[in-house]
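Trainee: Turn this into a model:
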Amino acid sequence: MAGSLLRRVLDLVELLANHPRGLPLQTIAETLDIPKSGAHRLLAELAEHAYVVQDGETGRYLLTTKFATLGLKHLSRTGVVDIAQSVLDRLAGLSGELARLAVVDYPRLVWVAKAQGARTGLRYDGDMGTEARLSTTSTGIAWLASLTDEEALSLVMRQGLGAPEECGPNAPRTVAALMALVNEARARGYAWVQDTNTPGAAAMAANIVHPQTGRAVGNLSVAGPSLRLTEMQRDAIAPELLAAAADLASVGAFSDYLGALGGRPATTRPAMS
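Mentor: A predicted model of the protein is given here:
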């Protein structure tokens, strides 16, 4: 019973995290397939501890910043962002574009840090803390390229290819098209996409590989307007991107923490020690 209750609470939190403007009680209950009274009890409990608030005007329930604060505090104390920030700043400065760090939180890939190199004109800026779509982002394609075909497709099927309106015009619509991008990334040593995730945007990503396990524990990416981030610019940036990813992989504390977080499939239950 306790496990079932915890699962419902976590499902509720994840649902609200995907709807920053909040949701009405009825929608929450229907989406989670639980009674309206049960949904209200869960929300009331979360509200009592300041994790959820109800908008006085619309009646919608939304998350407070408390979860985000806890996550940021945790990342800060691990030192992961501090270690990566100087590398991101250098990469952003060299490329003149947005540089981002994504970490594997198996089976998800999440952006956790960034540096913006563009000072004027068009700027591309993705949301931190969001889960990367594996089938359309350079970040996702790079990670998939580090896995077996079977594991890569399993992760993509969990997330889905995405509806056409959620992606760019060049987004792969079939498994064959997706695997073509993955195989190109394997051959090139890094992923490259144009107009697949966001119309008018291009991006490239290289994996951070744990030196002992050989698993990708995260990756670095550079993204910008496709009019500016051309194939010629890509070729100029690629050596710097690959070198930056190798630099982070060589930092023991960085690789070890991310490897424990999700560089490999997680077991169903925590190991006893």
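
Trainee: which stretches of the stretch 1-150 of the chain aren't confidently modelled?
Mentor: Within the stretch 1-150 of the chain, the stretches with pLDDT under 70 are 1-3, 75-76, 79, 118-129.

Trainee: how about 80 then?
Mentor: Scanning the stretch 1-150 of the chain for pLDDT under 80 picks out the ranges 1-3, 68-69, 71-83, 118-129.

Trainee: And the strands in it?
Mentor: Taking DSSP state E, counting those that start in this stretch to define them, one finds strands in the stretch 1-150 of the chain at 52-54, 61-63, 98-105, 108-116.

Trainee: which of the ones you listed sits most buried?
Mentor: With neighbours defined as mean count of other CB atoms under 10 Å, the strands of the stretch 1-150 of the chain peak in mean count at strand 98-105, which reaches a mean of 26. Using the backbone N, CA and C atoms, a C-beta is placed for each residue, glycine as well.

Trainee: Against which helices or strands is that strand packed?
Mentor: In terms of contact count using 3 or more CB pairs under 8 Å, 6 or more residues apart in numbering; DSSP states H and E, strand 98-105 is assigned the packing partners helix 80-95, strand 108-116, helix 138-145, strand 216-225, helix 252-262.

Trainee: how about TSV for the ones you listed, with distance to residue 42 added?
Mentor: Below are the helices and strands packed on strand 98-105 laid out as TSV (distance: least, CB to CB, whole Å):
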stretch	distance to residue 42
helix 80-95	31
strand 108-116	23
helix 138-145	32
strand 216-225	33
helix 252-262	27
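
Trainee: Of these, which is nearest residue 183?
Mentor: When the helices and strands packed on strand 98-105 are ranked by proximity to residue 183, the top entry is helix 138-145, at 7.7 Å, counting by CB to CB.
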